[in-house]
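Undergrad: Just to be clear, the model below is a prediction. Sequence and coordinates:
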Amino acid sequence: MRKKIKGRPSNYRKGLQNDDKWQEVRRKIKIRDKHKCRICGNKLELEVHHITYCIDGESTRGIEIFNLEWLITLCHSCHHFVHQNKNHKLNPNNPNKISANYF
């Protein structure tokens, strides 16, 4: 199994960086969340986290603008923490995940 090289963006992340629609979604989420991590309040190294990647069996890729409640602003550390903890309420793999509206 290949390890990711730290600092090198994945193809998924590169695709998002070059997507104008995604950039608009990111802007809207950060404004909604007052430009701070919704977990710890940090205002540095902010990332927009997908709480889920599909709704009703359909991918949200490219239509995130219609599903803003399933995105949330997290700092890099909290984003990593959420993905490492399968039972976290914001982890995409948690069957009991909650939307940003209820976090």
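TA: Arrived safely. Numbers count the residues shown, from 1 in each chain.
Undergrad: All the helices of the protein, residue numbers only.
TA: 11-17, 20-32, 76-84 (DSSP state H).
Undergrad: closest one to E69 among these?
TA: Closest of the helices of the chain to E69 is helix 20-32, at 9.7 Å (criterion: Cβ to Cβ). Glycine gets a C-beta too; all of them are placed from N, C-alpha and C.
Undergrad: Y102 is nearest to which of the helices of the chain?
TA: Evaluated over the helices of the chain, closeness to Y102 peaks at helix 20-32, with 14.2 Å, by Cβ to Cβ.
Undergrad: Run through the neighbouring helices and strands of that closest one.
TA: Applying 3 or more Cβ pairs under 8 Å, 6 or more residues apart in numbering; DSSP states H and E, one finds that helix 20-32 makes contact with strand 46-50, strand 71-75.
Undergrad: Dump the helices of the chain into a markdown table; add mean pLDDT, distance to K43 and mean neighbour count as well.
TA: A markdown table is the format used below for these (pLDDT from 0 to 100; distance: least, Cβ to Cβ, whole Å; neighbours: other Cβ atoms under 10 Å):
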| stretch | mean pLDDT | distance to K43 | mean neighbour count |
| --- | --- | --- | --- |
| helix 11-17 | 64 | 21 | 12 |
| helix 20-32 | 96 | 10 | 14 |
| helix 76-84 | 98 | 12 | 16 |
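Undergrad: For my notes, please list these in CSV and give distance to G57 for each entry.
TA: Shown next, in CSV, are the helices of the chain (distance: least, Cβ to Cβ, whole Å):
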stretch, distance to G57
helix 11-17, 20
helix 20-32, 21
helix 76-84, 22
